[in-house]
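1. One predicted model, sequence on top.
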Amino acid sequence: EAGVAQSPRYKIIEKRQSVAFWCNPISGHATLYWYQQILGQGPKLLIQFQNNGVVDDSQLPKDRFSAERLKGVDSTLKIQPAKLEDSAVYLCASRNTGQGLNTEAFFGQGTRLTVV
Amino acid sequence: DAKTTQPNSMESNEEEPVHLPCNHSTISGTDYIHWYRQLPSQGPEYVIHGLTSNVNNRMASLAIAEDRKSSTLILHRATLRDAAVYYCILRGYSGGSNYKLTFGKGTLLTVNP
């Protein structure tokens, strides 16, 4: 089966600019996660969707970050305005909740954002 | 979320077994133990998970202590392709059929040829 697709793979922007990342999860996967991974650290959950509803966004910096999953399939994550500390890899993952509570999450390759 | 403690790094030789430890002394009775690994420049990938009993799959084995306060991921014969950061995660419950994965820093495994 096709994996989780993310684009772009790389992005360089200046601070205070805006940027958007796109994620296409595995077909049929109701749960979608966005993670931020700063160099040398483990991924940090930003937001979790179940279909088009938000399950957990407790660690999303809502003053500058936003995410949506309008039709319960693709998702976009936006940063506006970007700060230097937003430089990181942004990972999207999806999971098939219809097969039980312990199904694995599948991750995309991520988008590497550099803010200069 | 209950926390896990892993060594920052470990080293192994190719074709030898590797035992990656994880301590999770605050684990609750319903927490599942998940392991993921992250190859260089890739997103994390699932390795194995378990609750109480030891588990085996094509990638690895998971040995869980009787008191569940620690577990060990076992790679039976390490290859160069197993060089990665290995994350031990306690599956946190988000409600309904959801869970979230809270990653720590993981263990960087180096495999020597």
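-> All right, it came through fine. Quick caveat, the model's predicted, so the values are computed rather than measured. Numbers count the residues shown, from 1 in each chain, chains lettered A, B, ... in the order given.
2. in chain A, which helix or strand is least confident?
-> The weakest-scoring helix or strand in chain A, judged by mean pLDDT, DSSP states H and E, is strand A:53-56 (a mean of 91).
3. Report all helices and strands that it contacts.
-> Packing partners of strand A:53-56 (3 or more Cβ pairs under 8 Å, 6 or more residues apart in numbering or on different chains; DSSP states H and E): strand A:44-50, strand B:92-95, strand B:98-100. For glycine as for every other residue, the C-beta is placed from the backbone atoms N, C-alpha and C.
4. which stretch in those is the model least sure about?
-> For these, mean pLDDT drops lowest on strand B:92-95, to a mean of 64.
5. and the least confident helix or strand of chain A, how far from the chain's centre?
-> Relative to the mean C-alpha coordinate of its chain, strand A:53-56 is positioned 13 Å out (Cα atoms, centre = their mean, to the nearest Å).
6. Next secondary structure after it?
-> Tracing the chain past strand A:53-56, the next element assigned as helix or strand by DSSP states H and E is strand A:65-68.
7. if we can go back for a sec, list the buried ones in the least confident helix or strand of chain A?
-> Of all the residues in strand A:53-56, those buried under the rule 16 or more other Cβ atoms under 10 Å in any protein chain shown are A:V55, A:D56.
8. Also stretch A:107-116?
-> Neighbour-count burial for stretch A:107-116 flags A:F107, A:G108, A:Q109, A:G110, A:T111, A:R112, A:L113, A:V115 (criterion: 16+ other Cβ under 10 Å).
9. Just the closest of these to chain B, please.
-> Distances from chain B to those, taken as Cβ to the nearest Cβ, are shortest for A:F107 (3.0 Å).
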